[in-house]
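Trainee: need coordinates for the following:
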Amino acid sequence: MEPLYRVVLKKAWHIVKKNPVLWIFGFFAIFLLDGGPLQVFMDTVVAISNLQSPTSTFALNLETLALFFIAPAGIGGFILQILRLTVVILVAFLLLWIIIASEISIIKSTIQLDNKEKPKFIKSLIGAKQNFFSVLGLHIISKIITFILIVGICLPLLIFVVNSSISYRLPIAFVVWVIFLPIAIIISFIFKYAINFVVLKGEKFSQSIKDAWMVFKTNWMISIEMSIWILIINLVVGFLLLLITQIVIVPFDLVALSMVGGGVREIFFTKILPIFLLYVFVGSIVTVFQISSWTLLFDRIVSGKRHSKLVRVIASMSSFMSAKNQISTIADVNKTAIETPKIVKKRRAGRPKVK
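Mentor: Numbering: from 1, shown residues only. Sure, this is the predicted structure:
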């Protein structure tokens, strides 16, 4: 059985390293907030913190919305507010289109590069309008289902556990996470495959979800193992990024303190801006790597039968332990390791035989 994850991850990294243009798409794709299991965990933590005090959170959102719509008296103020709202909606839609189009472009470019074809980045970006609404709809449905799970299943139990003073609340919270996280992660897998069906196979919205479910059902172990590998890579990259950040911050702090006054401008240019650029740069590369890895995995599991690492390990162990590879009889042990061959003397031509 040929390796799967090693080939996919190496190919994805080769694509990322050789095509810096994809990093631009990766910058916008960061806003998809599709970090897999870790992102699901963080979304749930944020939701818990918000819903533990729902009254204050709702009041803050309502106040922010009211301040936005408050306008000076008169027709001119009303028209100005309408124009402001229109501009905000247009900018938000444009940003949303760029984000979704960047994801679609990364997926298409990955397959083109994997097939040794010359990538057409601009054409992929322009052609993203064909799949825009389907991909956007899949992302929205995925977020809605996950939110329903958080609100309807997980949050009531977790809020009860957090607010209670019982000594066994930690085990109960752990059980809640064990029940909730696998469901949310399965949803994430299904919609990842559905997006690839829409972009690469040209399938419709509903059909892509059905086929994605069939792919996950027959390759659920591969999906989990791939997710674990990507999670490990993300954790390693995150640890190295924090380490580099600490190394970078210390000298910048010294520079900022040595400057006269230590004003906001000096702190911004010596500390905040370099850290921001570092995180954006690394985040863009990691985002392209993740999307490319899932795309290559999808392409391989739909093009032929693949086996998970666990299945391959078990199969290799079974082959090693099979009877034909072992000593099966006592006679095999007692056989002489080296048998001395008989030496046959050849008679020289023309010489009479000895009687």
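
Trainee: quick check: residue 11 touching residue 296?
Mentor: Yes. Residue 11 is within contact range of residue 296, at 5.7 Å (criterion: C-beta atoms under 8 Å). All C-beta spots, glycine's among them, are computed from the backbone N, C-alpha and C.

Trainee: please enumerate the shared neighbours of those two.
Mentor: Any residue near both residue 11 and residue 296 by C-beta atoms under 8 Å, 6 or more residues apart in numbering counts here, and that gives residue 114.

Trainee: out of the two, which sits in the busier spot?
Mentor: Neighbours of residue 11 and residue 296, each counted by other C-beta atoms under 10 Å, are more numerous for residue 296; the result is 22 against 17.

Trainee: show me what counts as buried in the helix or strand containing that one.
Mentor: Using DSSP states H and E, the element containing residue 296 is helix 273-303. Of the residues in helix 273-303, 283-302 count as buried by neighbour count, 16 or more other C-beta atoms under 10 Å.

Trainee: so which elements touch that helix?
Mentor: helix 5-18, helix 21-29, helix 75-114, helix 169-201, helix 205-218, helix 220-258 (3 or more C-beta pairs under 8 Å, 6 or more residues apart in numbering; DSSP states H and E).

Trainee: now do the nearest residue to residue 141 once chain neighbours are set aside, the pLDDT please.
Mentor: Setting aside the residues directly before and after it, residue 141 is nearest to residue 191 in space (C-beta to C-beta, 6 or more residues apart in numbering), at 7.3 Å. pLDDT recorded at residue 191 is 92.

Trainee: using the three-state scheme, assign residue 118.
Mentor: Secondary structure, DSSP: H, G, I helix; E, B strand; the rest coil: residue 118 is coil.

Trainee: wait, doesn't it sit right on residue 112?
Mentor: Yes. With contact defined as C-beta under 8 Å, residue 118 reaches residue 112; the gap is 7.3 Å.

Trainee: which of the helices and strands packed on helix 273-303 sits most buried?
Mentor: Most buried of the helices and strands packed on helix 273-303 by mean neighbour count (mean count of other C-beta atoms under 10 Å) is helix 21-29; its value is a mean of 21.

Trainee: just the C-alphas of that helix, formatted as PDB.
Mentor: Included here for helix 21-29 are C-alpha records, laid out as PDB according to Å, rounded to 0.1, in the frame of the first residue of the first chain:
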ATOM      1  CA  VAL A  21       1.100  34.200  -5.700                       C
ATOM      2  CA  LEU A  22      -1.100  31.800  -3.700                       C
ATOM      3  CA  TRP A  23       0.000  33.600  -0.600                       C
ATOM      4  CA  ILE A  24      -2.100  36.600  -1.600                       C
ATOM      5  CA  PHE A  25      -5.200  34.400  -1.900                       C
ATOM      6  CA  GLY A  26      -4.200  32.900   1.400                       C
ATOM      7  CA  PHE A  27      -4.300  36.300   3.100                       C
ATOM      8  CA  PHE A  28      -8.000  36.700   2.200                       C
ATOM      9  CA  ALA A  29      -8.800  33.100   2.900                       C
END
